[in-house]
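Asks: the sequence and its predicted three-dimensional model are supplied below.
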There are 2 protein chains.
Amino acid sequence: MSEIILHNYYRSSTSYRVRIALEMKGIEYRYVPHHLRHGEHLEPAYLSVNPQGLVPALIWSDGTLLVQSLAIIEFLDEVAPNPPLLPQDAAGRARVRMLAQMIACDIHPVNNLRVLTSLRTVFNAGDQDVINWFRHWVNEGFQPLEKILYSSPETGKFCHGDTPGLADICLVAQVVNNARFKVDMSPYPTISRIHAACMELPAFVRAAPQNQIDAE
Amino acid sequence: MSEIILHNYYRSSTSYRVRIALEMKGIEYRYVPHHLRHGEHLEPAYLSVNPQGLVPALIWSDGTLLVQSLAIIEFLDEVAPNPPLLPQDAAGRARVRMLAQMIACDIHPVNNLRVLTSLRTVFNAGDQDVINWFRHWVNEGFQPLEKILYSSPETGKFCHGDTPGLADICLVAQVVNNARFKVDMSPYPTISRIHAACMELPAFVRAAPQNQIDAE
């Protein structure tokens, strides 16, 4: 067994998700930064490790390459089950995965760096166009998310009961990302309350973008 | 226990994923169509069922509302384990989820109907701009996917060994979607081979868009 390596970028929201999970599980890892805005993720040395050229990528202790943040987190939850990041019942697991994917499939992919860059290069989008685009898709996703979290009896201190898990990880990473685009969070009191509860936990703080070695 | 209902749109790629899983599991369900291009998914009656206003949404036999296609499919795999849609080992499960998410998180969300519509309304994108956008993101995702599937010893007749599963479901739904935008599939022989193998299976054929009651 050799060391666990996380290929990473401090400000990448999907990287942040994986860091939180590693911290919650108490798994030690080596942090290898790749500066996305400098294109370091597209250098041949990294593409030979991860052909997709995206971060995060986790090299497990047996050398296995893991990519895609939700797949990595479910892997961590299976090989290191404590504390669990998903409930024990199938319906609960479906609900937590649903909440996570409302962010990870419906909000984040439309707003990540490479898409925003394409809007600029293909459609001559300016700074305000990009900000409006980002806010639009956050609001499209956060409105139903807030409604579900507010109205569901299964919501507790965190997204699902009183234990933080996969959905909270995605929620926090998205809320932190939103701050860079000054998204008005006042329509989302439940999301904001859960974010605040998470930020009282050391794992979420240690994993936060500003606390990484490559933070600017 | 009452009937299982799938809120659906024949041409929605995420709806197609869930239909394949239901067919593979042999689960009977009632098909309720919502015409996305006519905005039927945004009518109050449907929003009261599913506040996110997206399809697919599955109403399970106990009344539980399930949304997000990958979450629904994992739920089905947990409550109806045969045939399994994920491998038994954690590394295999991570690989299949990775392949599925390379499509479900990196390709499809950037290319779905509401995003393409926004390109038209916000940036005055024309038909050719939309086609180019769609093809660009498919190629960005299919290049690494082809590379992984071609080079990995774990790839078999299907994405992971010789048993169809979650990754194949996402692959087929994306390839079918690509056809509408005439994506050149010649750079993707492995993806094409797996798609062809899936289309020899009755579940994939029965679930196909053209075989649904709302197909035009």
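Replies: Thanks, I have it.
Asks: C-alpha only now, for contacts and for neighbours.
Replies: Noted.
Asks: what residue in chain A is the furthest from its centre?
Replies: No residue in chain A has its C-alpha farther from the mean C-alpha position than A:Asn124, which lies at 28.2 Å (Cα atoms, centre = their mean).
Asks: what does chain A have sitting close to chain B?
Replies: Applying Cα under 8 Å from any Cα of the partner chain, one finds that chain A approaches chain B through A:51-52, A:64, A:66-68, A:71-72, A:74-75, A:78-79, A:90-91, A:93-95, A:97-98, A:101-102, A:104-106, A:109-110, A:115, A:123, A:125, A:141, A:144-145, A:147-148.
Asks: need the distance between the two termini of stretch A:103-110.
Replies: Separation of the first and last residues of stretch A:103-110 by Cα to Cα, to the nearest Å is 10 Å.
Asks: who does the lengthiest helix in chain A touch, helix- and strand-wise?
Replies: Among the elements of chain A assigned as helix by DSSP state H, the one spanning the most residues is helix A:127-151. For helix A:127-151, the helices and strands in contact under the criterion 3 or more Cα pairs under 8 Å, 6 or more residues apart in numbering or on different chains; DSSP states H and E are helix A:90-104, helix A:108-111, helix A:113-123, helix A:189-198.
Asks: A:Arg11 is nearest to which of the ones you listed?
Replies: With distances scored as Cα to Cα, the stretch of the helices and strands packed on helix A:127-151 nearest to A:Arg11 is helix A:113-123 (10.4 Å).
Asks: low-confidence stretches in chain A?
Replies: Low-confidence regions of chain A, defined by pLDDT under 70, span residues A:1.
Asks: okay, now the domains of it?
Replies: Using automatic domain parsing, the domains assigned to chain A come out as A:5-83, A:90-203.
Asks: rebuild those as JSON lines, extending it with distance to B:Leu42.
Replies: Below are the domains of chain A laid out as JSON lines (distance: least, Cα to Cα, whole Å):
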{"stretch": "domain A:5-83", "distance to B:Leu42": "29"}
{"stretch": "domain A:90-203", "distance to B:Leu42": "12"}
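Asks: and of the ones you listed, who's closest to B:Gln210?
Replies: Among the domains of chain A, if distance is taken as Cα to Cα, the winner is domain A:90-203, at 25.6 Å.
Asks: neighbouring contacts of the longest helix of chain A?
Replies: By Cα atoms under 8 Å, 6 or more residues apart in numbering or on different chains, the list of residues contacting helix A:127-151 from outside reads A:99, A:102-103, A:106-107, A:110-111, A:116, A:119-120, A:155, A:159, A:178, A:181, A:183, A:187-191, B:51-52.
Asks: show me just the buried residues among the residues you listed.
Replies: Buried members of those, scored by 16 or more other Cα atoms under 10 Å in any protein chain shown, are A:99, A:102-103, A:106-107, A:110-111, A:116, A:119, A:155, A:159, A:178, A:183, A:188, A:190-191, B:51-52.
Asks: any of the residues of chain A next to chain B buried? List them.
Replies: Among the residues of chain A next to chain B, those buried by neighbour count (16+ other Cα under 10 Å) are A:51-52, A:66-68, A:71-72, A:74-75, A:78, A:90-91, A:93-95, A:97-98, A:101-102, A:104-106, A:109-110, A:125, A:141, A:144-145, A:148.
Asks: how about the CA coordinates for stretch A:170-190, as CSV?
Replies: Extracted C-alpha coordinates of stretch A:170-190, given in CSV (Å, rounded to 0.1, in the frame of the first residue of the first chain):
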residue,chain,number,x,y,z
CYS,A,170,-22.4,19.0,-2.7
LEU,A,171,-24.5,21.7,-1.1
VAL,A,172,-21.5,23.3,0.6
ALA,A,173,-19.2,23.2,-2.4
GLN,A,174,-21.9,24.9,-4.5
VAL,A,175,-22.7,27.6,-1.9
VAL,A,176,-19.0,28.4,-1.7
ASN,A,177,-18.8,28.6,-5.5
ASN,A,178,-21.8,30.9,-5.6
ALA,A,179,-20.0,33.4,-3.4
ARG,A,180,-17.6,34.1,-6.2
PHE,A,181,-20.5,35.1,-8.4
LYS,A,182,-22.3,37.0,-5.6
VAL,A,183,-25.5,34.9,-5.9
ASP,A,184,-28.2,36.3,-3.7
MET,A,185,-28.8,33.6,-1.1
SER,A,186,-31.7,35.3,0.7
PRO,A,187,-34.3,33.2,-1.2
TYR,A,188,-32.6,30.1,0.2
PRO,A,189,-32.8,30.1,4.0
THR,A,190,-32.8,26.3,4.5
